[in-house]
Each structure stands twice: as C-alpha cells, then as structure tokens.
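Student: Below are the sequence and a predicted model; questions follow.
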Amino acid sequence: MSRPFTVVAVVVLWLVSLLQALRLVLGWPITIDGVAIPLWASGLACMAAAGLATMVSRELRSRP
C-alpha cells in the first residue's frame, strides 16, 4: 500500500456509495433550493460510486 491517497479515495467512494444506498432504502428526503431530489438519483449515484471504488481498488491491487 504505497499509495495512501488511492486508499483514501477508495474509502471515500465506498462511504458515498453506502450513504446513497441508505438514502435509497430509508427514503431520506433531500431538497436543494426548493427542488426535491428523486430517490432514483441516489440509486444511480450509489452504482457510480461503487463502480468507481471497485475500479480504483482493482487498479491499486494490480500495480506492484
């Protein structure tokens, strides 16, 4: 683990994915400047963050 920033990035991306999944499951409402953000947006954000975390962690493991 000679790349500490990459490890931090993976952890942050997994946390974002977890929080988005929790919002999706628990139905937490989010309103930004009077506009309600739909729950399906959290599903997309969850998949995107999890996908990025997976790709970065695979890249980290593949490098010597």
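Tutor: Right, received. Where do you want to start?
Student: Distance check, residue 13 against residue 34.
Tutor: 29 Å (Cβ to Cβ, to the nearest Å). In this view, the C-beta of every residue, glycine as well, is placed from N, C-alpha and C.
Student: Equivalent analysis for residue 57, please.
Tutor: Distance from residue 57 to residue 34, by Cβ to Cβ: 38 Å.
Student: what's the answer for residue 14, then?
Tutor: Between residue 14 and residue 34 the computed distance is 31 Å (Cβ to Cβ).
Student: Please compare these two by neighbour count and tell me which comes out ahead.
Tutor: residue 14 (17 against 5; other Cβ atoms under 10 Å).
Student: ok, the residue nearest to that one when sequence neighbours are not counted - contacts?
Tutor: Once flanking residues are discounted, residue 14 sits nearest to residue 53: 4.8 Å by Cβ to Cβ, 6 or more residues apart in numbering. By Cβ atoms under 8 Å, 6 or more residues apart in numbering, residue 53 lies in contact with 10, 13, 14, 17.
Student: from those residues, which ones fall inside strands?
Tutor: Per DSSP state E, strands hold no members of these.
Student: Just name the closest of these to residue 26, please.
Tutor: Minimum separation from residue 26 among the contacts of residue 53 (Cβ to Cβ) is found for residue 17, which lies at 14.9 Å.
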